[in-house]
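Novice: pasting a predicted model and its sequence here:
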Number of protein chains: 2
Amino acid sequence: MPLTLSLADQIALELRADIIGGRLLPGMPLIEADLVKAYTASRNTIREALHRLGQEGLTRYVRNKGVMVRRLERAEVRDLFVVRRTLELQAIAQSGPLTDAQSTHMQNAIDATTLAREREDWRAVATHSLMFHQQIVALMGSPLFDEFFAQVIAQLRLAFCAAPDEQRFQSPWLERDHEIYTLLTRNQTQAASEAMSLYLDDSERLSLALFDHP
Amino acid sequence: MPLTLSLADQIALELRADIIGGRLLPGMPLIEADLVKAYTASRNTIREALHRLGQEGLTRYVRNKGVMVRRLERAEVRDLFVVRRTLELQAIAQSGPLTDAQSTHMQNAIDATTLAREREDWRAVATHSLMFHQQIVALMGSPLFDEFFAQVIAQLRLAFCAAPDEQRFQSPWLERDHEIYTLLTRNQTQAASEAMSLYLDDSERLSLALFDHP
DNA sequence: CCTCAGTGATTGTTCAACAATCTCGAGGTA
DNA sequence: TACCTCGAGATTGTTGAACAATCACTGAGG
């Protein structure tokens, strides 16, 4: 069964999932020789996958030293929110009435978030909530922004990995996602924009607090 | 003298310059074996460089078929301008008075553009004009956006490669860059924003015309 | 004119080897 | 003790060769 995905792509996919899923924590070294044994792939293939993750900003490459899961600086987290504010608010500001497809995608993300919260899978709550925000950005209809924002989201997960109490960290956001969604369906873009702005303020505050408290 | 750059990085750098400089035209295949001979590097190293260019959107990767210099679709060019409008206008809108460093960087870009036009190096005119716009985006102070926009600019060059008459294509923009710069130094952000908006409209129109004409 | 097996070209992946560089500790010196 | 040097081990950087997988094309046969 010939996969359409290159082996290096598959390995990059798994490593990405491991980082985002918190199984590989920031600062952990990713040693080529170990990964060769773990994935039964050649070193060259492993290297390709590692380089890919590096370009996505999930890992840090130090020449002759190796790769480690990236540890974000405070300024980098703030930068992530500069990007979020710019793109998400712009997307809402210029949005017209939601198409059926757009509405459905958002609703699905919110439903998935709700289910995840019911089974108290806080990691999944974060994942699906961020999917909702990805759909917000998708309102611009720009593949370039979509791809860029996907990477921003992935890096944001790196910051969340330090969350000591994930429940309190993730819990109150679902209602606010839903509120924004409702405002958008009613075409109240101005109100949606304000709600999103406050949302991002609080989210950034909480994320940055992880650096002072941990 | 040990280089701080990996060999694959250097090769990627050269290939990038060749693509942006128009020595490698869209559609041209990049065959690993040929590059091995041209750069006296091993195939693995070449592959690493090619993958990097692929992730930057300068080349197109078709599995088991190979790499070729990317040929942009009409919709992709439009997307590039969606991104430009969003980022450049946002940068201007939220900009305060220019710092000395910011002002100097913009002035340098404009000076370089002027010099390039005097010696009728239209490729360099485009390069430095786009550097000015990169500095516009830099007003946001976001490294993430800076890096993203650098890739957008590189892809934009791919569209310009098809320009049959580069002089008329590049000539009238310098004055408009300068006008925007002047408005910014006077802190007339509203006027600068409008000038930039018209600039991007015309630039997009001209770029898209390259798809219907040649 | 169409079909399809074969062939050559190109990429996908692996393996083994060696060079370059970093890390860290042992041992010597003041 | 404190500091420096040097060397061993670990890890990455790069190479070269090999073989499998896939694609593009050609030519024989219907």
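Specialist: Nice, thanks for sending it over. Quantities reported herein were computed from a predicted structural model and do not represent experimental measurements.

Novice: I'd like to know which elements the longest helix along chain A is packed against.
Specialist: Among all segments of chain A classified by DSSP state H, the helix with the greatest residue count is helix A:189-212. With contacts taken as 3 or more Cβ pairs under 8 Å, 6 or more residues apart in numbering or on different chains; DSSP states H and E, helix A:189-212 sits against helix A:74-93, helix A:143-160, helix A:173-185. Every C-beta, even on glycine, is put in place using the N, C-alpha and C of the backbone.

Novice: what helices or strands is the host helix or strand of residue A:115 leaning on?
Specialist: Taking DSSP states H and E as the criterion, residue A:115 maps to helix A:100-118. Packed against helix A:100-118, as judged by 3+ Cβ pairs under 8 Å, 6+ apart, are the following elements: helix A:122-138, helix A:173-185.

Novice: could I get the shortest one in CSV with only the CA atoms?
Specialist: As requested, C-alpha coordinates have been extracted for helix A:173-185 and formatted as CSV (Å, rounded to 0.1, in the frame of the first residue of the first chain):
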residue,chain,number,x,y,z
TRP,A,173,-13.1,29.8,27.1
LEU,A,174,-15.7,27.6,25.5
GLU,A,175,-18.5,29.9,26.5
ARG,A,176,-16.6,32.8,25.0
ASP,A,177,-15.9,31.0,21.8
HIS,A,178,-19.6,30.2,21.6
GLU,A,179,-20.6,33.8,22.2
ILE,A,180,-18.3,35.0,19.4
TYR,A,181,-19.8,32.4,17.1
THR,A,182,-23.3,33.5,17.9
LEU,A,183,-22.5,37.1,17.3
LEU,A,184,-21.0,36.2,13.9
THR,A,185,-24.0,34.2,12.9
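
Novice: quick one: residues in contact with that helix.
Specialist: Applying Cβ atoms under 8 Å, 6 or more residues apart in numbering or on different chains, the set of residues contacting helix A:173-185 from outside is A:92, A:95, A:98, A:103, A:106-107, A:109-110, A:113-114, A:117, A:125, A:129, A:132-133, A:136, A:189, A:191-192, A:195-196, A:199, A:203.

Novice: for that helix, buried residues please.
Specialist: Along helix A:173-185, these residues count as buried under the neighbour rule (16 or more other Cβ atoms under 10 Å in any protein chain shown): A:173-174, A:176-178, A:180-181, A:183-184.

Novice: how far is that helix from where the chain is centred?
Specialist: The offset between the C-alpha centroid of helix A:173-185 and the centroid of the whole chain comes to 19 Å, using Cα atoms, centre = their mean, to the nearest Å.

Novice: hang on, the earlier thing: which of the helices and strands packed on helix A:189-212 sits closest to DNA strand D?
Specialist: Evaluated with Cβ to the nearest atom of the strand, those place helix A:143-160 nearest to DNA strand D, the distance being 19.4 Å.

Novice: buried ones in the closest one?
Specialist: Taking 16+ other Cβ under 10 Å as the criterion, helix A:143-160 shows A:144-146, A:148-149, A:151-160 as buried.

Novice: what residues sit buried inside the longest helix of chain A?
Specialist: With burial defined by 16+ other Cβ under 10 Å, the residues of helix A:189-212 counted as buried are A:189, A:191-193, A:195-196, A:199-200, A:203-204, A:206-207, A:210.

Novice: quick one, it and helix A:122-138 angle?
Specialist: Angle, helix A:189-212 to helix A:122-138, by axes from the mean of the first three to the mean of the last three Cα atoms, to 10 degrees: 140 degrees.

Novice: quick one: mean pLDDT over helix A:189-212.
Specialist: pLDDT averaged over helix A:189-212 equals 93, rounded to a whole number.

Novice: neighbouring contacts of that helix?
Specialist: For helix A:189-212, the surrounding residues in contact (Cβ under 8 Å, 6+ apart) are A:74, A:77-78, A:81, A:84-85, A:88-89, A:92-93, A:95, A:136, A:156, A:159-160, A:162-163, A:169, A:173, A:176-177, A:179-180, A:183-184.
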